[in-house]
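Trainee: how would this look folded up:
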Amino acid sequence: MPAKKAAVEGRVPRRFRHAQPGARGWAGRGGGAAVLVPSLREYRGTTVQVCGLWPFSSGASSPMIGVPLGRHEETQATVCCDPISWFQRARLISNPSAFILGKPGLGKSTLVRRMFLGLSAQGVHPLVLGDLKGEHVKAVQALGGQVITLGRGVGYLNILDPGQAVEVAHLLEDHGHHEAATRVRADAHGRRLNMVVSLITISRNKPPTDQEQTILDRALRLLDDRFDGVPVLKDLLDVIVSAPDELRQVALDRGNINVYLKETRALEATLLGLTGGGKLGEIFSRQTTNPMSRDRAIVFDVSTIDETETDLQAAVLLACWSYGFGTVNVANALADAGLEPRRNYFVVLDELWRALRSGKGMVDRVDALTRLNRSVGVGQIMISHTMSDLLALPAEEDRMKARGFVERAGMVICGGLPAAEMPLLTQAIPLSRREQQKLIGWQDPPAWDSRGVDAQPPGRGKFLIKVGGRPGIPVQIGLTSIERAEGLNDTNTRWHIAARTPEALGAPEAVSLLASPGEGLE
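Mentor: Numbers count the residues shown, from 1 in each chain. The predicted structure follows:
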């Protein structure tokens, strides 16, 4: 009777039920149910290699084209990324550029080094146009590249040196490429004029007047026509002081030499300061000590310049950028004419905020550089700390242009950032609430109880790759054994000397204070 009642109600009697294992095996005594289910080891392969694998095959959750950076923070899948590969091969971004934001000490330089080391293996020449801390010198030396040292009494960069433009123009003319030769000469003239104007802007904290720029343009042309050899700033000053008729005409002195002297007095004073010392020193007043090559990796080491000399740092950075892009244009002209093989370059513009704050008009000059990377065949990566650095400019139009650097970048790579940066950052790129919380969590310091060991902050080596409105890719940078052994990513080398014992440093008082928590204290 009970069995019939159970059947009527749609239930299976206990004696008719079949025993089944649970999710972790057979339960009960002697059943062998697993208390902890181990995670399976994951392997990655191409569709050709694992086409017959069954089951548990799945597609990659991140792009596999580009320089391998590390693993996806959530899925542990390999993440490959660099601006040139994502533009040229993967077609994921519209221009080969990237912008990196993050607090100091979280691995921005390590990420950049990983990218240009991987790209150099693909035939792309890295150009580090201004290394303020000497972080990339070892990596470029390991690649067999050229290290150009600039600083007070260390190395000089003549901003009036056309570089290889004159020789290349003659070579193009000899092969019948007269239009290309004219463009090379015009580009060299424009870059030299822009650099002189930039140095005057930094020296005065304001740009020269329109009439002064016209006088400088005509003086440079006279210098090219009359001077035998490579001129320097002193030669340019001598041309202006000599007051030739061509300059007096553009100065509109109407035959009155006193009017000319009045119009050029401020210009002469500024150029005299650039040639005889002043806050910008003599770095730009002598012949270039180490000319730049165009067939290898290059780094401009400017680490000897003190951090307090912000104007000099900004001037050197602009000079390096101008010199580097001038060399790229010369290489492209030769390649277009079929006289040299085509070369691609990966340009690193570090500490961007220093150049932007150096004076009015600097944003326009940097803005011109950021718009040319796709047309001149170079990949470009710009590095700064926060959006506040870019927007801390007095003029509203300059702040809008600086924010455009981030908006126009093909990809934006963010490290740990404070919460106050999120409203500014979300105005340039879309970030979900979860992505914002991830960036804020990455900027936290390490644990208090480090006990003297090398405790890393939680966000070191972690970055979020953003392309447009797509979800960000969180990646943990992984260093190879060679990178660790060679010390390519050690940016605290000057602190290793101070890490010796207090006895070696001649500080016996510190021993009693650091020996134990309570010893030596009352």
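Trainee: And Trp255, its phi and psi?
Mentor: If you look again at residue 255, you'll see it is Gly, not Trp. Backbone torsions of Gly255, given as degrees, to the nearest 10, read phi 80, psi 0.
Trainee: An error on my part: the question was meant for Pro21.
Mentor: Dihedral angles for Pro21 - degrees, to the nearest 10 - are phi -80, psi 160.
Trainee: try Lys206
Mentor: phi -160, psi 150.
Trainee: Number of residues surrounding it?
Mentor: Other residues within reach of Lys206, judged by other CB atoms under 10 Å, total 12. Using the backbone N, CA and C atoms, a C-beta is placed for each residue, glycine as well.
Trainee: before we move on, what about Gly32?
Mentor: Gly32: 10 neighbours (other CB under 10 Å).
Trainee: Double-check it against Gly22; I have them as touching.
Mentor: No - under the criterion of CB atoms under 8 Å, Gly32 makes no contact with Gly22, lying 11.3 Å away.
Trainee: ranges for the strands of this protein?
Mentor: Secondary structure of the chain by DSSP state E: the strands cover 68-72, 78-80, 97-101, 125-131, 146-149, 298-301, 345-349, 378-384, 411-414, 462-466, 473-477.
Trainee: okay if I get these as JSON lines plus mean pLDDT and mean neighbour count?
Mentor: JSON lines is the format used below for the strands of the chain (pLDDT from 0 to 100; neighbours: other CB atoms under 10 Å):
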{"stretch": "strand 68-72", "mean pLDDT": "90", "mean neighbour count": "19"}
{"stretch": "strand 78-80", "mean pLDDT": "89", "mean neighbour count": "21"}
{"stretch": "strand 97-101", "mean pLDDT": "91", "mean neighbour count": "26"}
{"stretch": "strand 125-131", "mean pLDDT": "90", "mean neighbour count": "26"}
{"stretch": "strand 146-149", "mean pLDDT": "93", "mean neighbour count": "20"}
{"stretch": "strand 298-301", "mean pLDDT": "92", "mean neighbour count": "26"}
{"stretch": "strand 345-349", "mean pLDDT": "89", "mean neighbour count": "25"}
{"stretch": "strand 378-384", "mean pLDDT": "88", "mean neighbour count": "25"}
{"stretch": "strand 411-414", "mean pLDDT": "92", "mean neighbour count": "25"}
{"stretch": "strand 462-466", "mean pLDDT": "93", "mean neighbour count": "24"}
{"stretch": "strand 473-477", "mean pLDDT": "92", "mean neighbour count": "21"}
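Trainee: Dump those to TSV, plus distance to Gln456.
Mentor: Shown next, in TSV, are those (distance: least, CB to CB, whole Å):
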stretch	distance to Gln456
strand 68-72	15
strand 78-80	20
strand 97-101	19
strand 125-131	24
strand 146-149	29
strand 298-301	27
strand 345-349	24
strand 378-384	21
strand 411-414	18
strand 462-466	10
strand 473-477	12
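Trainee: ok, residues contacting stretch 22-31?
Mentor: The contact list for stretch 22-31, computed with CB atoms under 8 Å, 6 or more residues apart in numbering, reads 21, 32-35, 37.
Trainee: redo that, cut-off 6 Å
Mentor: When contacts are defined by CB atoms under 6 Å, 6 or more residues apart in numbering, stretch 22-31 is touched by residues 32-34.
Trainee: again with stretch 407-421
Mentor: 83, 93, 95, 97-103, 106, 386-387, 406, 428-429, 439-440, 442-443, 459, 463-467.
Trainee: 7 Å instead, please
Mentor: 83, 86-87, 93-103, 106-108, 111, 370, 386-388, 406, 425, 428-429, 439-440, 442-443, 459, 462-467 (CB atoms under 7 Å, 6 or more residues apart in numbering).
Trainee: Quick one, which of the strands of the chain gets closest to Ser203.
Mentor: strand 125-131 (18.8 Å; CB to CB).
Trainee: could you check the angle strand 345-349 makes with the closest one?
Mentor: Taking axes from the mean of the first three to the mean of the last three CA atoms, to 10 degrees, one finds strand 125-131 and strand 345-349 inclined to each other by 20 degrees.
Trainee: other SSEs contacting strand 125-131?
Mentor: Where contact means 3 or more CB pairs under 7 Å, 6 or more residues apart in numbering; DSSP states H and E, strand 125-131 is packed against helix 108-120, strand 298-301, helix 310-336, strand 345-349.
Trainee: switch to 10 Å and redo it
Mentor: When contacts are defined as 3 or more CB pairs under 10 Å, 6 or more residues apart in numbering; DSSP states H and E, strand 125-131 packs onto helix 108-120, helix 137-142, strand 146-149, strand 298-301, helix 310-336, strand 345-349, helix 352-356, strand 378-384.
Trainee: in its sheet, what does it sit against?
Mentor: strand 298-301 (parallel), strand 345-349 (parallel) (DSSP bridges).
Trainee: can you list the ones you listed in TSV and add distance to Arg183?
Mentor: Shown next, in TSV, are the strands paired with strand 125-131 (distance: least, CB to CB, whole Å):
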stretch	distance to Arg183
strand 298-301	23
strand 345-349	19
